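Q: With the input below, show me the fold.
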Amino acid sequence: MIDKDIIFKEIELIQSCIERMAHNSFIVKGWALSIFAGVTAITKGENLSDIILLIFTTGIPFICFWILDTYFLQRERRFRNLYSERMVKRNSDDGTGLFELDLKIVKAETFIKVMFSKTLFIFYGIPFITSIIYLIFLILRSKNVL
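A: Next up is the predicted model:
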């Protein structure tokens, strides 16, 4: 029989990892918005009319933040799965793997599936698709097609 204090410490450890990943994801979203707004303000909107400047000042950083946020969300989900698995193990008095945080043993969604999940797609995907459409519009307008 495992002491309840030890079980609570293990669960607290996993919960702190979940909180840290969620906090990191929140911070990344804030930085993404700040960078986009800051670059647009600094360039006084000129980056929205220059194709190359638009790609390098908003497109690439936005994709990088999307990938980073996906990483943190995937890790958070893995820790949640680990939490659930440990709760089942500890309820059956199984003391194996006590305080082990190896996420390789936990099944989770693929990186791409997490990247295109509802929350991340709404936050990053819709603005990214809108930017692509605007970029296509700029290219067509520069070639006098429109």
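Q: After the host helix or strand of L68, which helix or strand is next? Please name it.
A: Under the assignment given by DSSP states H and E, the secondary-structure element containing L68 is helix 60-91. The helix or strand immediately downstream of helix 60-91 is helix 111-115, counting by DSSP H and E.
Q: What is that next one packed up against?
A: The helices and strands touching helix 111-115, judged by 3 or more Cβ pairs under 8 Å, 6 or more residues apart in numbering; DSSP states H and E, are helix 60-91. C-beta: built from backbone N, CA, C; applies to glycine.
Q: Please spell out which residues along whichever strand or helix holds I129 are buried.
A: Secondary structure assignment for I129, by DSSP H and E: helix 126-142. Within helix 126-142, the residues that qualify as buried are P127, F128, S131, L135, L138, counting by 16 or more other Cβ atoms under 10 Å.
Q: Tabulate the residues you listed in CSV, adding columns for pLDDT.
A: Shown next, in CSV, are the buried residues of helix 126-142 (pLDDT from 0 to 100):
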residue, pLDDT
P127, 85
F128, 87
S131, 82
L135, 82
L138, 78
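Q: Output the lowest mean pLDDT helix or strand found in this structure.
A: Across the helices and strands of the chain, the lowest-confidence element by mean pLDDT, DSSP states H and E is helix 51-54, at a mean of 74.
Q: residues touching the most centrally placed residue in the chain, list them.
A: Residue closest to the average C-alpha location in the chain (Cα atoms, centre = their mean): D69, at 2.0 Å. For D69, the contact set (Cβ atoms under 8 Å, 6 or more residues apart in numbering) comprises S25, V28, K29, A32, L120, F123, Y124.
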